[in-house]
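A.B. asks: only geometry, no sequence info:
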C-alpha cells in the first residue's frame, strides 16, 4: 500500500505485510518513508492504522516488524505502538519487535 500525496508529487512511502499469517497466526509488517516525509507523524499514523486494522482480524494473534539496530526513529515508533524488542536477527544488524494481540 503506497500513500500518494495530492498534485501528483509521487509516493512518500509504503507499508504492507510480508504475506498471510504463518502457522503461529503471526504477520510481519514493513514500512518505509521518503526522507522528506520523516519526522512529521506520518509513519506513526500509518503504522497505528495498520495495527488497528490487523487487530480486528481474529486469526491474527501477533504482529512482528524488523528494523536496523541503528534506526532509532523506527525502533521508537514501534515501541510507541506497544511492540517489544524480542531479539537480534542472527548475522545481521537488525532486530525484531513483536506485538501480541491476543
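C.D. replies: Great, that's in hand. These numbers were taken from a predicted model, which means no experiment stands behind them.

A.B. asks: and the pLDDT at residue 1?
C.D. replies: Residue 1 carries a pLDDT score of 49 in this model.

A.B. asks: kindly apply the preceding question to residue 102 instead.
C.D. replies: 85.

A.B. asks: so how far is residue 56 from it?
C.D. replies: Residue 102 sits 12 Å away from residue 56, going by CB to CB, to the nearest Å. For every residue, glycine as well, the C-beta is placed using N, CA and C.

A.B. asks: go on, residue 84?
C.D. replies: Look at residue 84 and residue 56: by CB to CB, they are 21 Å apart.

A.B. asks: so for these two, which sits in the more crowded spot?
C.D. replies: Neighbour totals were compared for residue 84 and residue 56, and residue 84 leads with 11 against 8 (other CB atoms under 10 Å).

A.B. asks: can you verify residue 73 is assigned to a helix?
C.D. replies: Yes - assessed by DSSP: H, G, I helix; E, B strand; the rest coil, residue 73 belongs to a helix.
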